[in-house]
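>>> Quick one, what's the 3D model for this:
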Amino acid sequence: SPPADAGIPSICGTPDGDAGCAGCLAAGGACVAGACVFQCGSACSPCDKPIACPMGMPCRIDCPAGGCNTPIDCHDATTCAITCGDHACTQPIHCSGGISTCTVTCSGQGSCGSTVSAGGDVATIACSGSGACQGAVTCSGNNCTVQCTGPSSCASTVTGNAAVNHINCTGGNACAQAVRCSGTSCVTDCTGTRDCASGYCCFGASCQTRPILEPTCK
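Residues are numbered from 1 along each chain as shown. Okay, the predicted model is just below:
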């Protein structure tokens with residue numbers, strides 16, 4: 001029978017003697033310096049099926065404009081970084097579990113059209129593109145940052161339930177639905193124009209907002 005890596009371009013890495021790399025190649029990624037990389041749209045990573053990072057190694061997923069129209073799941077990775085271009089990442093993104101660091105960057109216009117969840121020791125969800133993050137945004141774990149800095153970004157609910165939460169809704173018409181926060185510490189910035197229009201609800205032990213708002217639940 002042919003070897004396991006038959007037909008796989010050499011630039012995608014080699015599974016020989018490396019179970020993690022073999023799992024990466026099987027998932028549709030490429031092994032680069034010990035990490036599983038999905039450079040979506042490339043020969044090594046067409047990303048034409050659901051993207052699932054292999055267990056026990058760092059993972060990076062780069063989605064070009066209009067790319068990654070399948071679910072993304074990297075809860076098995078040790079660290080994960082996801083970047084979404086214009087109108088990319090239209091399906092749910094799941095980046096939590098036992099992961100140490102998770103970063104989801106929705107920098108493209110209209111990127112991240114479905115739900116985004118992130119967690120781990122350090123989690124960051126950055127919705128900087130115009131109209132980015134149309135689905136519910138949820139951040140958990142130990143230290144969480146949600147940045148809704150793009151105009152009309154984070155159109156659905158934003159929920160931070162990590163131990164320490166920083167939620168930044170300053171894009172103008174950002175965080176249009178309810179913003180909810182719980183945990184040890186919640187710091188929320190709603191100083192942009194018409195940001196946090198549906199109110200802010202805090203169940204944390206410590207709640208700070210800018211401007212100073214009385215927490216509300218709707």
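>>> In PDB, list the C-alpha atoms belonging to stretch 42-49.
Taking Å, rounded to 0.1, in the frame of the first residue of the first chain, the C-alpha atoms of stretch 42-49 are listed here in PDB:
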ATOM      1  CA  SER A  42      -3.600  27.400  -0.800                       C
ATOM      2  CA  ALA A  43      -2.700  24.100  -2.300                       C
ATOM      3  CA  CYS A  44      -1.900  22.700   1.100                       C
ATOM      4  CA  SER A  45      -5.000  24.100   2.800                       C
ATOM      5  CA  PRO A  46      -8.000  24.400   0.500                       C
ATOM      6  CA  CYS A  47     -10.300  24.600   3.600                       C
ATOM      7  CA  ASP A  48     -13.200  23.200   1.700                       C
ATOM      8  CA  LYS A  49     -14.500  21.200   4.700                       C
END
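>>> What are the buried residues along it?
Of the residues in stretch 42-49, those scored as buried under the neighbour-count criterion (16 or more other Cβ atoms under 10 Å) are 42, 44-45, 47. In this view, the C-beta of every residue, glycine as well, is placed from N, C-alpha and C.
>>> State the next helix or strand along the chain beyond the helix or strand bottoming out on mean pLDDT in the chain.
Least confident helix or strand, the chain: helix 19-27 with a mean of 84, by mean pLDDT, DSSP states H and E. Where DSSP states H and E defines the elements, the next helix or strand beyond helix 19-27 is strand 30-32.
>>> Pull the most distant pair out of the buried residues of stretch 42-49.
The largest separation in the buried residues of stretch 42-49, counting by Cβ to Cβ, is between 44 and 47 at 10.0 Å.
>>> May I ask you to confirm that residue 111 belongs to a strand?
No. Counting by DSSP: H, G, I helix; E, B strand; the rest coil, residue 111 is not part of a strand but coil.
>>> close enough to count as contact, it and residue 91?
No. Assessed by Cβ atoms under 8 Å, residue 111 is found out of contact with residue 91, at 11.9 Å.
>>> More neighbours: these two, which one.
Set side by side, residue 111 and residue 91 show unequal neighbour counts under other Cβ atoms under 10 Å, the larger going to residue 111 at 33 against 16.
>>> Skipping adjacent residues, who's closest to that one in space?
The spatial neighbour of residue 111 that comes closest, neighbours along the chain excluded (Cβ to Cβ, 6 or more residues apart in numbering), is residue 84 at 4.0 Å.
>>> now the one you found: how far from residue 106?
Here residue 84 is placed at a distance of 5 Å from residue 106 (Cβ to Cβ, to the nearest Å).
>>> now do residue 133
Counting by Cβ to Cβ, the gap between residue 133 and residue 106 amounts to 5 Å.
>>> what does residue 204 give?
Relative to residue 106, residue 204 is positioned 25 Å away (Cβ to Cβ).
>>> Those two: which has the busier surroundings?
Neighbours around residue 204 and residue 106, counted as other Cβ under 10 Å, are more numerous at residue 106. The numbers are 33 against 22.
>>> just checking, that one touches residue 128?
Yes. Under the contact definition of Cβ under 8 Å, residue 106 touches residue 128, with a separation of 7.0 Å.
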